[in-house]
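S.K.: The sequence and its predicted three-dimensional model are supplied below.
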Amino acid sequence: MRTGIYISGAAHLLLIAWVMLAGLFSVPRPAPMQVSDVSLVSAEDFAALNQPAAAPAPVDAVAPPESPALPSSPRPVPAPEDRPRTPAPPEPQAPARPDDAPDASGAQPVPGTQVTDTVTAPPAPEVSDAPPAPVPDSAPPRPAARVAPTAAPRPPEDVAIADLPPQPATRPDPAAPAEAEEIPAAAPPEATTEIVTEAEERPDTGRALASSPRPRARPARPAPTDTPPAADPAPAPEDQIADAVAQAVGGEASAPGSGLAASGPPLNAGEREGLRVAVSRCWNVGSLSSEALATTVVVGVEMEQDGTPRPDTIRLLSWSGGSEDAARRVYDSARRAIIRCGSAGFPLPPEKYARWRDIEMTFDPEKMRTR
Amino acid sequence: MIARILTLFLVLALGAGLAPAQAQDGPLRIVIDEGVIEPLPVAVPDFVAEDARAADYARNIARVVAADLAGTGLFREIPEEAHLTTVTSFASPVQFSDWKAINAQALITGAVGLDGSGRLTVKFRLFDVFAEAPLGDGLQFGGPATSWRRVAHKVADQVYSRITGESGYFDSRVVFVAERGPKNARQKRLAIMDYDGANVQFLTDASALVLAPRFSPTGDRVLFTSYESGFPRIYLMDVASTRRRALDEQSGTMTFAPRFAPDGQRVVFSLSQGGNTDIYMLDLRSGQRMRLTSAPSIETAPSFAPDGQQIVFESDRSGSQQLYVMPVTGGEPRRISFGQGRYGTPVWSPRGDLIAFTKQNKGRFHIGVMRTDGSEERLLTASFLDEGPTWAPNGRVIMFTRETSGAQGAPSLYTVDITGRNLRQVSLQGAASDPAWSPLLP
């Protein structure tokens, strides 16, 4: 018992001694030296520098900065009568007056009296559908008929809507060549996940490259799984752990599977990522509404052993964040993605088929949402 | 004892680490949170003509449907030259393999009939090619042959709605100011057209300058400002008959910037008197006028929220032109724009979630959108002069005026998606400005 007291007392004494004496033998570190360039100044120059600054030159002696090029801005702010876009260049003295009246021929008809109450039928619609080419800015304006306004046509008669009988079975013709399905007719259009509006666009710098970044390294692909599984593969470390834990707790994590229930080692991160990327490449959200882009759906699908999905098993399991209609649109887009990119088989390890025979994919377009 | 505790910790730790692996029992679960944004490839083969006289209609209706869809930027039409098969019968089964081969993800088939009275019958079906299943039921539209464009727009609206999940906007019209002549002597007339620039009809002549037409919620009436009396004054016109009448005529005042309330029975507008401009509301049934703002500053360009409970307008009460929101019953306005530059011509979205506006900053004009509380401001365009946004009926597209610079500069109409993509010029001959989009036609 006393030994402890002695040790504690000695330690405290040593500590007190160190605190009191340690500072005596320490040398303060020198402050870093600051070095700066100087120049010699003569007495005349020094006096000149101390003179009060001269008054700035008159404003009119300095070329004013050029104002932004707005030669005919139609929105002069101060005048209240100019708030509604006044007609092109109004006269300041009479802002409310319209421009000079058009020539006599144009003003001849009096609109108020020439208007008839009868509604004229609209002219026969043009059959040709070729839209007129956009008129360049320099093109002369189209001459307008200077006549009294004709009565506007009533909206054409409402169209009646009727349901059609259901479409007959539309299965593909079995005689159709199957290999044709693999031939894309055209390259897919350029896709993007970012939106750059016109207001955010950088000025055009021509064809010159602003920089030449090196291509990013390709992400590591999942380990190839085409090698046949060994007859008696060495268990992975995690499997050993699982077995040990299962044995310890009496569970069945490593119990031999029947071949139908999920059993064996689960998909590793690379294999899961490969599937995720494969589906993402075909998931086109460009035509979804804003509400749909805020809707998350869970889609279930059963897979064949060759990695292709069974289209008739694709189903909507649940959704959140939007209406049922919005969920249906997201589900349609997800279904298209699964079928399109799964037609050649997803990159999944065959030896783990029991693990991915049933897949639940959660499609969350939140990142792609365009507010 | 210590060995037992360590063993217990080890077992628990390993058990926790193994939990995810055990969770993989059952279906494999993955999360897809990335995709691509690209137009959906759609095939629109010519509709089948059920009558020889309907052949031209069958082709033209299909072309208008394809143009409507492609014009949104959300769809990409696969050209007919790439089609591997021809649809010769509306009732025959679809050869999906032929459409998969050209990567058509949606297919529209249709048929057009024309009876002896000149009445068109148009029916169509929409298919999800890769799912080999129809998207919705087939529909049939009927109408006079002269309305074939409207029928085509209605088909396109249905297709758009079924794929995107939101209503279309193709069967709608736009009232605008048709302009002619040089800048210093420009003539302006009210005109109306289909949303895509077709079927232009004039509503007024060029004897008086007109500005800022606005559709009623039902699309049958138009408010506008005219200088017919020498001063700006607001008028109400019946579109079908072009009859019009002045509203709120009081000497010594100027009225402008009118806009309908969602109920169509009230009108908000600006009234300038004695050098001060404030916002008023007029009841069209009783003619009663109510003052909504009372400030020495300039308040103008009011626009109702779709629920009719609030108004957004522009004011320079803070020293610069900014946007404010106030209850329609009156009350203190709340400023919602705080960015650099000047804000004006606010318009509330039909969805109620966004406000479109014109912004002037550093010598450039922009069309932008922001949340109704002023957050998430996003500029969609930039040019020498962009102004006067108007919303498509579905709140997805904005039409506005873009004017080019120089002595030969002229205004024209453009559309842009609210994401800032798909900026397009409206196909229209001649100069045009001040567009106002109608609601969907019945």
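M.R.: Received, thanks.

S.K.: quick one: the helices in the stretch 51-200 of chain B?
M.R.: B:55-71, B:96-101, B:148-164 (DSSP state H, counting those that start in this stretch).

S.K.: any idea how far chain A is from B:Ala295?
M.R.: 12 Å (Cβ to the nearest Cβ, to the nearest Å). (C-beta placed from N, C-alpha, C; glycine too.)

S.K.: go on, B:Gly264?
M.R.: 16 Å.

S.K.: Tell me the spatial nearest neighbour of that residue, not counting adjacent residues.
M.R.: Nearest residue to B:Gly264, sequence neighbours excluded (Cβ to Cβ, 6 or more residues apart in numbering or on different chains): B:Pro217, at 4.7 Å.

S.K.: Report the secondary structure state of the one you found.
M.R.: Here B:Pro217 is recorded as coil under DSSP: H, G, I helix; E, B strand; the rest coil.

S.K.: mind checking the backbone torsions on B:Gln105?
M.R.: B:Gln105 adopts backbone torsions of phi -90, psi -20, taken as degrees, to the nearest 10.

S.K.: ok, how many other residues are close to it?
M.R.: 27 (other Cβ atoms under 10 Å in any protein chain shown).

S.K.: what sits against the closest residue to B:Ser315 other than its chain neighbours?
M.R.: The shortest distance from B:Ser315 to any non-neighbouring residue, by Cβ to Cβ, 6+ apart, is to B:Glu299 (4.6 Å). For B:Glu299, the contacting residues are B:270, B:277-279, B:293, B:313-315, B:317, B:324, by Cβ atoms under 8 Å, 6 or more residues apart in numbering or on different chains.

S.K.: Low-confidence stretches in chain B?
M.R.: Applying pLDDT under 70 to chain B flags the ranges B:1-25.

S.K.: again, only this time at 80
M.R.: Flagging of chain B using pLDDT under 80 yields the residue ranges B:1-25, B:183-184, B:248-249, B:407.

S.K.: okay, which residue is most central for it?
M.R.: B:Ala392 (1.5 Å; Cα atoms, centre = their mean).

S.K.: roughly how far apart are it and chain A?
M.R.: According to Cβ to the nearest Cβ, B:Ala392 and chain A sit 13 Å apart.

S.K.: Quick check: the gap between that residue and B:Ser294.
M.R.: 35 Å (Cβ to Cβ, to the nearest Å).

S.K.: go on, B:Asp373?
M.R.: Taken as Cβ to Cβ, the span from B:Asp373 to B:Ser294 is 24 Å.

S.K.: What segments of the stretch 201-350 of chain A are strands?
M.R.: A:296-302, A:315-320 (DSSP state E, counting those that start in this stretch).

S.K.: most neighbours per residue, which of these?
M.R.: strand A:296-302 (a mean of 21; mean count of other Cβ atoms under 10 Å in any protein chain shown).

S.K.: where are the low-confidence patches of the stretch 151-300 of chain A?
M.R.: In the stretch 151-300 of chain A (pLDDT under 80), the answer is A:151-196, A:200-264.

S.K.: coming back round to it: to B:Pro411, which of the strands of the stretch 201-350 of chain A lies closest?
M.R.: strand A:296-302 (43.7 Å; Cβ to Cβ).

S.K.: how about stretch B:245-260 against chain A, any contact?
M.R.: Yes. Against chain A, stretch B:245-260 shows contacts by Cβ under 8 Å from any Cβ of the partner chain at B:254, B:256-257.

S.K.: Just the buried ones out of the residues you listed, please.
M.R.: Buried by 16 or more other Cβ atoms under 10 Å in any protein chain shown: B:254, B:256-257, out of those.

S.K.: Which positions in the stretch 251-400 of chain B make contact with chain A?
M.R.: So far as Cβ under 8 Å from any Cβ goes, the stretch 251-400 of chain B lies against chain A at B:254, B:256-257, B:270, B:272, B:275-277, B:298, B:300-301, B:314, B:316, B:321, B:342, B:344, B:360, B:362-364, B:366, B:368, B:376, B:378-385, B:387-388, B:396.

S.K.: Okay, and which of the buried ones among the residues of stretch B:245-260 next to chain A map to helices?
M.R.: The helices, defined by DSSP state H, take in nothing from those.

S.K.: Which ones among the residues you listed map onto strands?
M.R.: Mapping those onto strands (DSSP state E) picks out B:254, B:256-257.

S.K.: For B:Val268, name its beta-bridge partners.
M.R.: As for beta bridges, B:Val268 partners with B:Arg259, B:Met281 under DSSP bridges.

S.K.: B:Gly308 versus that one, what's the distance?
M.R.: 11 Å.

S.K.: Give me the nearest residue to the residue of the stretch 151-300 of chain A at minimum distance from chain B, chain neighbours excluded.
M.R.: With Cβ to the nearest Cβ, the shortest gap between the stretch 151-300 of chain A and chain B falls at A:Thr197, namely 2.7 Å. Setting aside the residues directly before and after it, A:Thr197 is nearest to B:Gly420 in space (Cβ to Cβ, 6+ apart), at 2.7 Å.

S.K.: Of the residues of the stretch 251-400 of chain B next to chain A, select the buried ones using a ChimeraX command.
M.R.: Of those, the buried ones go into a single ChimeraX selection, burial set by 16+ other Cβ under 10 Å:
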select /B:254,256,257,270,272,277,298,300,301,314,316,321,342,344,360,364,366,368,378,379,380,381,382,383,384,385,387,388,396
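
S.K.: Okay, and which of the residues of the stretch 251-400 of chain B next to chain A map to helices?
M.R.: Among those, no member lies in helices (by DSSP H).

S.K.: Keep only those of the residues of the stretch 251-400 of chain B next to chain A that are in strands.
M.R.: B:254, B:256-257, B:270, B:272, B:276-277, B:300-301, B:314, B:342, B:344, B:360, B:364, B:366, B:368, B:378-379, B:387-388.

S.K.: Who are the contact partners of the residue nearest to the centre of chain B?
M.R.: B:Ala392 neighbours (Cβ under 8 Å, 6+ apart): B:169, B:172, B:195, B:350, B:398-399, B:415, B:437.

S.K.: ok, now with 10 Å
M.R.: B:72, B:167-170, B:172, B:174, B:195, B:349-350, B:398-399, B:415, B:417-418, B:437-440 (Cβ atoms under 10 Å, 6 or more residues apart in numbering or on different chains).

S.K.: With that, I have no additional questions.
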